[in-house]
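K.L.:
Pasting the sequence and the predicted model now:
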Amino acid sequence: MKRKNRTIKLASAVSTLGLGLALGVSTATAQEAASMIPTKKENVTQPGKSKLAKPVKIAMVKVAGDLIDPINVTSANDGSGRMFICERQGVVKILKDGKIQKRPFLDISDTVVSSFLEQGLYDIEFHPKFKTNGKFYVHYSDMWFNGDSFIVEYTVDKEKPDKADMKSARVIMQIDQPYANHNGGELVFGPDGYLYIGSGDGGWEGDVLNAGQDLSTLLAKVLRIDVDQSTPDRAYGIPKDNPFVTPKSQMVLFGVTEEAFAKIQPNARPEIWSYGIRNPWKMHFDKKTGDLYIADVGQNHWEEINFQPANSKGGENYGWKWMCGTHPFPLSRVNAPTVGVLPIGEYTHAGEGICVTGLGVYRGSKYPSLDGTYFVSDWGSGKIWGMQHTADGKWAMEELLDTALMPSGSGADEDGTIYMTTATANYGGPVKPADNVRGALWMMVEADKVPEGAETIPLDGKK
């Protein structure tokens, strides 16, 4: 379709672990998970390189439409069955009993800047104990602070469960943003109860700030904080086992090995969990294994999917800006060394897409054939792939759908069913989200279980 070709050209210019015993799909323990990270470039999978060992066929069923730039969706996991949809303009809407509620759950559009490039309301995440403490968190670009990223804690209105208590706002973190793009924005609670934050490299292009390898900045990182604690200088706590926390016991001169000194980074920010990330728009934990998948938006040529096993102690360097996928950056560099941990998958801008959007690992009960597959999509091409770790120790990545829409975000309901938002966002379009073509919310189902009369996502070149 011409529409998608134009999108790819424009954005380029401006710019799971498969579990189960059947059919060769391996089941891994936490101790074995580290072997799932490729150590050689030739072992990093790409679309068309191999087929899934466990066959998967999916369809995307429309759940709701007429949404203004929807870019993420999640569940509160409180037994209510509600889904919460982030609109980029700064509004969170509730999907309840199959219908979008008229009144929003949260409206902070008066403080969110969403008129340029990738700014706006990025995500909403509910505290693991939301059912009892009513706390949730949003990440957005703030109008009054020149687009800086703000992570703010709110509580739900005690008298109105479908409404946020606006007076409860408490700023958890502010991240300075030098430019209007590459802000990341993802929020996700890990199995350990800590909040993980996806922070982009600050923008423009090519990591002009060298943030990816700079441990003294929060940019270009995955951060890990404790929202249930605070200190005199922070509205959050630092987990003691974060990789760049320097123990006081190491503050000695003699009797310390060279290896131990080499690991000490006194200027590193203690919030950092991993680094060398360009623009981590979506991250997902596998609810069964605890493994972490990071879909990292690439520069001009390659998109990548990074993997962190559940037994990781953190501190991984994923290579940016020395690397983009398995390739050097800039691509013209010759005899360039491999820097950091290789991704498990990558794909080229030459026909596959331009902006990776992770969808997550299916761990629900309704669609058993999807179990353990990590799903990933692309905003520019509309393609959806499945990824599995196979019995031979390698990864497979197979195209499942080639849609005519633009995947912008994802989430899962209480059962584990995967949802996807589609939106044109801001590249090449109106500066006001409300002036854009309306977006929609879609639900992933097995291809042979599409409800009668349901509308499915349009496929590229097909009716």
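P.N.:
Received it, and whenever you're ready, just let me know what you need.

K.L.:
Name all residues that make contact with Phe314.
P.N.:
One correction, residue 314 is Gly, not Phe. For Gly314, the contact set (CB atoms under 8 Å, 6 or more residues apart in numbering) comprises Arg224, Asp241, Asn242, Pro243, Trp273, Ser274. In short, each C-beta sits where N, CA and C put it, glycine included.

K.L.:
cool, Lys131 as well?
P.N.:
Lys131 touches Ala76, Asn77, Asp78, Gly79, counting by CB under 8 Å, 6+ apart.

K.L.:
ok, and the most crowded of these?
P.N.:
Highest neighbour count within these, by other CB atoms under 10 Å: Ala76, with 23 neighbours.

K.L.:
What's the local residue count around the closest residue to that residue other than its chain neighbours?
P.N.:
Once flanking residues are discounted, Ala76 sits nearest to Phe126: 4.5 Å by CB to CB, 6 or more residues apart in numbering. Using other CB under 10 Å, Phe126 has 21 neighbouring residues.

K.L.:
Does Phe126 touch Met83 like I think?
P.N.:
No: applying CB atoms under 8 Å as the test, Phe126 and Met83 come out as separate, 11.3 Å apart.

K.L.:
Common neighbours of the two, please.
P.N.:
Thr74, Ser75.

K.L.:
gap between stretch 385-392 and the chain center?
P.N.:
For stretch 385-392, the distance from its own C-alpha centre to the chain's C-alpha centre is 20 Å (CA atoms, centre = their mean, to the nearest Å).

K.L.:
Check stretch 97-110 too.
P.N.:
Relative to the centre of its chain, stretch 97-110 is centred 23 Å away, using CA atoms, centre = their mean.

K.L.:
Show me where the stretch 151-300 of the chain has its strands.
P.N.:
Using DSSP state E, counting those that start in this stretch, the strands of the stretch 151-300 of the chain run over 164-175, 187-189, 195-199, 221-225, 272-275, 280-285, 292-296.

K.L.:
can you list those strands in CSV and add mean pLDDT?
P.N.:
As requested, the strands of the stretch 151-300 of the chain are exported to CSV (pLDDT from 0 to 100):
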stretch, mean pLDDT
strand 164-175, 98
strand 187-189, 98
strand 195-199, 98
strand 221-225, 98
strand 272-275, 98
strand 280-285, 97
strand 292-296, 98
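
K.L.:
Would you quantify the distance from the residue nearest to Ala76 to Met323?
P.N.:
Separation of Phe126 from Met323 (CB to CB, to the nearest Å): 34 Å.

K.L.:
Next up, the contacts around the residue nearest the centre of the chain.
P.N.:
Note on the chain: the residue nearest the mean C-alpha position is Lys282, at 0.9 Å, using CA atoms, centre = their mean. Residues in contact with Lys282 (CB under 8 Å, 6+ apart) are Glu186, Gly198, Ala295, Val356, Thr357, Gly358, Leu359, Gly360, Gly409, Ser410.

K.L.:
mind running it again at 6 Å?
P.N.:
By CB atoms under 6 Å, 6 or more residues apart in numbering, Lys282 lies in contact with Glu186, Ala295, Thr357, Gly358.

K.L.:
Quick check: bridge partners of it?
P.N.:
Counting by DSSP bridges, Lys282 is bridged to Ala295.

K.L.:
ok, now how distant is it from Leu400?
P.N.:
As judged by CB to CB, Lys282 and Leu400 stand 17 Å apart.

K.L.:
hang on, Pro47 packs against Glu399?
P.N.:
Yes: using CB atoms under 6 Å, Pro47 is in contact with Glu399, at 5.5 Å.

K.L.:
For the stretch 301-450 of the chain, just list every one of the strands.
P.N.:
According to DSSP E, counting those that start in this stretch, the stretch 301-450 of the chain carries its strands in the segments 302-308, 323-324, 327-328, 345-348, 356-361, 374-378, 383-389, 395-402, 407-412, 418-422, 439-446.

K.L.:
I misspoke; the intended subject was the stretch 1-150 of the chain.
P.N.:
Under DSSP E, counting those that start in this stretch, the stretch 1-150 of the chain gives strands at 58-67, 70-75, 83-87, 91-96, 99-100, 106-107, 121-126, 135-141, 149-156.

K.L.:
now these in a markdown table, with distance to Tyr367?
P.N.:
Output for these, formatted as a markdown table (distance: least, CB to CB, whole Å):
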| stretch | distance to Tyr367 |
| --- | --- |
| strand 58-67 | 8 |
| strand 70-75 | 17 |
| strand 83-87 | 17 |
| strand 91-96 | 19 |
| strand 99-100 | 23 |
| strand 106-107 | 31 |
| strand 121-126 | 24 |
| strand 135-141 | 28 |
| strand 149-156 | 31 |
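
K.L.:
what residue ranges in the chain score low on pLDDT?
P.N.:
Along the chain, segments meeting pLDDT under 70 span 1-34, 247-254, 427-430, 461-463.

K.L.:
what about 50?
P.N.:
For the chain, the stretches with pLDDT under 50 are 1-28, 30, 463.

K.L.:
returning to that earlier point: any idea how far Asn133 is from the residue nearest to Ala76?
P.N.:
From Phe126 over to Asn133 the distance is 10 Å, taken as CB to CB.

K.L.:
for Gly319, same thing?
P.N.:
38 Å.

K.L.:
Next: Val152.
P.N.:
Using CB to CB, one gets 16 Å for the distance from Val152 to Asn133.

K.L.:
Show me which of these two is the more surrounded one.
P.N.:
More neighbours surround Val152 than the other of Val152 and Asn133, with 20 against 13 (other CB under 10 Å).

K.L.:
May I ask you to confirm that that one is in contact with Met173?
P.N.:
No: in this structure Val152 lies outside contact range of Met173 using CB under 6 Å: 8.7 Å.

K.L.:
coming back round to it: closest to Glu118 among the contacts of Lys131?
P.N.:
Nearest to Glu118 among those, counting by CB to CB, is Ala76 at 26.0 Å.

K.L.:
rewinding a little: which of the contacts of Gly314 sits closest to Val56?
P.N.:
Once CB to CB is applied, the member of the contacts of Gly314 that ends up nearest Val56 is Ser274, at 28.6 Å.

K.L.:
which residues does the closest one form a beta bridge with?
P.N.:
Beta-bridge partners, per DSSP bridges, of Ser274: Val222.

K.L.:
Give the burial count for Ala404, as a bare number.
P.N.:
Ala404 has 16 neighbouring residues, counting by other CB under 10 Å.

K.L.:
Now do the contacts for it.
P.N.:
Each residue near Ala404 by CB under 6 Å, 6+ apart is listed here: Gly382, Pro458, Asp460.

K.L.:
between the residues you listed, which is nearest Trp395?
P.N.:
For the contacts of Ala404, the closest approach to Trp395 (CB to CB) belongs to Gly382, at 22.4 Å.

K.L.:
any idea how far Val431 is from the nearest residue to Ser377 once chain neighbours are set aside?
P.N.:
Distances taken as CB to CB, 6+ apart put Pro407 closest to Ser377, at 3.9 Å, once the chain neighbours are dropped. Taking CB to CB as the measure, Pro407 falls 22 Å from Val431.
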